[in-house]
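Trainee: return atomic coordinates for the entry below.
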Amino acid sequence: MSDLSGKHALVTGGGTGVGAAVALRLVADGAAVTIAGRRPGPLREIAGRHAGLHPAEVDVTDPDSVAAMTAAAAKARGPFDIVVANAGAAESAAYARMKLDLWRRLLDVNLTGVHLTFQAAVADMTRRGSGRLIAVASVAGLVGHPYVTAYCAAKHGVIGLVRALALEIAATGVTVNAVCPGFVDTPMLDRSIDNIVEKTGATAAQARAQLAALNPQNRFFAPEEVADAVAWLAGNGAGGVNGQAIAISGGNP
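Mentor: Residues are numbered from 1 along each chain as shown. Model prediction:
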């Protein structure tokens, strides 16, 4: 485990799934963690598990909301040392029939949300000469998948952002990286399975097997596996790791 004592971390989308696992791992490693998201109920439930977890409502697509959350958290617990931009959403549609609002919605949450979250903290981090900016992307940011064009485009954009920003601020002591999981066993995966069932008539078991087969290990990943990678990137031992997109994919891509 990393020693993150005295550090203040932000995890967006921290109320469920990967975000909740990341928040719980970072607080176990000693950090004070602001868990941010749109839905107060799940945030309060996760925050109730540890005194070092602090819920904060935010809309990562709204710069004013992000700025207000960042200012309030910094006033309460100091500036962020670690920022994990995890908030995201996934929807599928055949490209020829995809509506523009779906395209905009997925880019807003998955790409612009990362940009606004990073930008709210990067100036302070570079001024202090240390910090960790970590995006939770996806293997969909490294390869293409049918019927999720907007999601893939957004996640590819996140990888581009990470690589460019990492070089821009490499000399400041701040690192910028991404983790790229395959299918993780979370409520988002459940929604994907429900969508397959609805559109194809397959059973839930068949849909799960279909998605699991995309992993060479023929399984889904646990949220804690992603959290372990994030915790490593957040620690002192990863100071030389910068601009990387680390696949948690069982061998793909």
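
Trainee: now the nearest residue to Ala72 once chain neighbours are set aside: which helix or strand?
Mentor: Counting by Cβ to Cβ, 6 or more residues apart in numbering, the nearest residue to Ala72 once its immediate chain neighbours are dropped is Ala56, at 6.8 Å. The way it works is simple: take the backbone N, C-alpha and C, and place the C-beta from them, glycine included. Take DSSP states H and E as the rule and Ala56 turns out to sit in strand 53-57.

Trainee: would you confirm that the residue nearest to Ala72 contacts Ile35?
Mentor: Yes. Applying Cβ atoms under 8 Å as the test, Ala56 and Ile35 come out as touching, 7.1 Å apart.

Trainee: which one of the two has more residues nearby?
Mentor: Neighbours of Ala56 and Ile35, each counted by other Cβ atoms under 10 Å, are more numerous for Ile35; the result is 30 against 20.

Trainee: give me the nearest residue to the more buried one, chain neighbours excluded.
Mentor: Among residues not flanking Ile35 along the chain, Gly14 sits closest, at 3.0 Å (Cβ to Cβ, 6+ apart).

Trainee: show me what contacts that neighbour?
Mentor: The neighbours of Gly14, taking Cβ atoms under 8 Å, 6 or more residues apart in numbering as the test, are 20, 22-23, 33-37, 43, 46, 55, 86.

Trainee: how about a cut-off of 6 Å?
Mentor: When contacts are counted by Cβ atoms under 6 Å, 6 or more residues apart in numbering, Gly14 touches 23, 35-37.

Trainee: quick one: the strands in the stretch 1-150 of the chain?
Mentor: Along the stretch 1-150 of the chain, the segments classed as strands by DSSP state E, counting those that start in this stretch run 8-12, 32-37, 53-57, 82-85, 131-136.

Trainee: the nearest residue to Ser249 once chain neighbours are set aside - how many residues pack around it?
Mentor: With sequence-adjacent residues excluded and distances taken as Cβ to Cβ, 6+ apart, Ser249 is closest to Gly182, at 4.3 Å. Residue crowding around Gly182 was assessed by other Cβ under 10 Å; the count is 24.
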